[in-house]
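Visitor: Here is my input, please return the structure:
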Amino acid sequence: IKYLTDRGAKVILASHLGRPKGQVVEEMRLTPAAARLSELLGKPVAKADEAIGDTVKAQISKLNDGDVLLLENVRFYAGEEKNDPELAKAFAELADLYVNDAFGAAHRAHASTEGIAHHLPAVSGLLMEKELDVLGKALNNPDRPFTAIVGGAKVKDKIAVIEKLIEIADNIIIGGGLSYTFFKAKGYEIGKSLVDNDRLELVQEFERKAKEKGVNFLLPVDVVVGDDFSASANAKIVDVDQIPADWEGFDIGPKTRELFAKTIAESKLVVWNGPMGVFELKPFEDGTKAVAEACAATAGYTVIGGGDSAAAVEKFHLGDKMDHISTGGGASLEFMEGKALPGVVALNDK
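Guide: Residues are numbered from 1 along each chain as shown. From the prediction side, this is the model:
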């Protein structure tokens, strides 16, 4: 934004907040964002109460070179998430050039991210460029050893990325809720832990494929179990084949933290997507914290894949120790799966 205003451009900003489902929701207006942005830019930011139409056009006509106008939440329009061509055209009528700097929304084909790019010269912003450069290099020409850390709750969300990583990584670290499906596939008692019973064969296949390709596939060796999903739960550390039948796994244990940290320390590139446990609850935060600390300490280049991993890094005040924190959880995951991102495909400067 500063780059453009410093060069005398009239900058019209479009963004969304929350999921208002095509309706005006008062508490999802972007008015507070305009106020905060003017503090950050050190200049006034005008705010429109709509995102298209004559009133907005009138406000734009009053802008001087270097001025900034923030449009209202684009998701107040039902056509936004449907990528309605008429809405895209209405957005395009407001400007001469389109810059997409929203990597976090690039995996969505919406009117303000994809549709508009068919009507205006459309280019990538500086943040979008950095995201694509960093993640693109990690996928196409990684520094080695390359370690990928995959956590989070559900196996189904991470299938495609694990498949892709087996092709390119040297080490794959598995943690979080999805690890219990691997344990169950080995015949271990997992108690009340999260499990995906439809994918027991698939996770065995992952391990087999990794072995075939000489990829070091690391699963937890011990876990922290709790008798309740709460901050006041009783917690204890057990080996992965010793989970009590009425307890639930919520975090990786100390031996695992050490094992994972050693691998991270020896890596030239680390890409982390998904926490190691329920880091929002005090008794189960230590595993995710240990991985975050290992990423902060390694001499290797660290890429944090947005979403919960980014939230964890911020929670433990380690953000400034990471080389790149992606602004897109879902987008970085889809990019790493090798999927084309509609918001990027629509741009002119591939």
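Visitor: wouldn't residue 111 be in contact with residue 91 here?
Guide: Yes - shown here, residue 111 and residue 91 form a contact pair, counting by Cβ atoms under 8 Å, at 6.3 Å. No exception for glycine: its C-beta is placed from N, CA and C like everyone else's.
Visitor: hey, what's in contact with both of the two?
Guide: Common neighbours of residue 111 and residue 91, counting by Cβ atoms under 8 Å, 6 or more residues apart in numbering, are residue 74.
Visitor: For residue 25, see how far away residue 314 is.
Guide: 26 Å (Cβ to Cβ, to the nearest Å).
Visitor: do residue 178 as well
Guide: Distance, residue 178 to residue 25, using Cβ to Cβ: 34 Å.
Visitor: Check which helices and strands the helix or strand harbouring residue 123 is in contact with.
Guide: Assigned by DSSP states H and E, residue 123 falls within strand 122-124. Counting contacts by 3 or more Cβ pairs under 8 Å, 6 or more residues apart in numbering; DSSP states H and E, strand 122-124 packs against strand 98-100.
Visitor: Around residue 19, how many other residues sit close by?
Guide: For residue 19, the tally of surrounding residues (other Cβ atoms under 10 Å) stands at 10.
Visitor: Quick one: the strands in the chain, in order.
Guide: 11-13, 45-47, 68-70, 98-100, 122-124, 146-150, 171-174, 216-218, 222-226, 235-239, 248-252, 269-273, 301-304, 324-325 (DSSP state E).
Visitor: what pairs with the shortest one, and is each one parallel or antiparallel?
Guide: I take that to be strand 324-325. Here strand 324-325 is paired, per DSSP bridges, with strand 301-304 (parallel).
Visitor: go on, the first one?
Guide: Strand pairing for strand 11-13, using DSSP bridges, gives strand 68-70 (parallel).
Visitor: buried ones in the partner strand?
Guide: 68, 69, 70 (16 or more other Cβ atoms under 10 Å).
Visitor: Switch these over to CSV; also include pLDDT.
Guide: Formatted as CSV, the buried residues of strand 68-70 follow (pLDDT from 0 to 100):
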residue, pLDDT
68, 98
69, 98
70, 98
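Visitor: Now render the residues you listed as TSV, adding distance to residue 261.
Guide: Formatted as TSV, the buried residues of strand 68-70 follow (distance: Cβ to Cβ, whole Å):
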residue	distance to residue 261
68	44
69	48
70	43
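Visitor: Just give me the closest of those to residue 185.
Guide: The closest of those to residue 185 turns out to be residue 70 (Cβ to Cβ; 50.1 Å).
Visitor: Wait, that closest one touches residue 32, no?
Guide: No - if you go by Cβ under 8 Å, residue 70 and residue 32 don't touch, sitting 10.6 Å apart.
Visitor: what does the lowest-mean-pLDDT helix or strand in the chain contact?
Guide: The weakest-scoring helix or strand in the chain, judged by mean pLDDT, DSSP states H and E, is helix 329-336 (a mean of 89). With contact meaning Cβ under 8 Å, 6+ apart, helix 329-336 is reached by 103-107, 131-132, 135, 138-139, 157-158, 161, 164-165, 271, 273, 305-310, 326, 328, 341.
Visitor: out of everything not next to it in sequence, what's closest to residue 275?
Guide: Leaving aside its chain neighbours, residue 275 sits nearest to residue 288 (4.4 Å; criterion: Cβ to Cβ, 6 or more residues apart in numbering).
Visitor: per-residue pLDDT, residue 349?
Guide: If you check residue 349, the pLDDT there is 67.
Visitor: switch to numbering from 19
Guide: In the new numbering, first residue 19, that becomes residue 367.
Visitor: Residue 196 and residue 43: which is more packed in?
Guide: More crowded of residue 196 and residue 43, by other Cβ under 10 Å: residue 196, with 25 against 14.
Visitor: And the contacts of the strand holding residue 141?
Guide: For strand 140-142, contacts defined as Cβ under 8 Å, 6+ apart pick out 115, 116, 117, 118, 119, 134, 150, 362, 364, 365, 366, 367.
Visitor: Just the buried ones out of those, please.
Guide: Applying 16+ other Cβ under 10 Å to the contacts of strand 140-142 flags 116, 117, 118, 119, 134, 150, 362, 364, 365 as buried.
Visitor: List just the nearest of those to residue 75.
Guide: Using Cβ to Cβ, the buried ones among the contacts of strand 140-142 come closest to residue 75 at residue 134, 15.5 Å.
Visitor: Any idea what the closest residue in space to residue 55 that isn't next to it in sequence is bridged to?
Guide: Using Cβ to Cβ, 6+ apart and skipping the chain neighbours, the partner closest in space to residue 55 is residue 63 (4.8 Å). Note on residue 63: beta-bridge partners by DSSP bridges are residue 86.
Visitor: State the number of residues packed around residue 63.
Guide: 20.
Visitor: pretty sure it contacts residue 84?
Guide: No - using Cβ under 8 Å, residue 63 makes no contact with residue 84, being 11.8 Å away.
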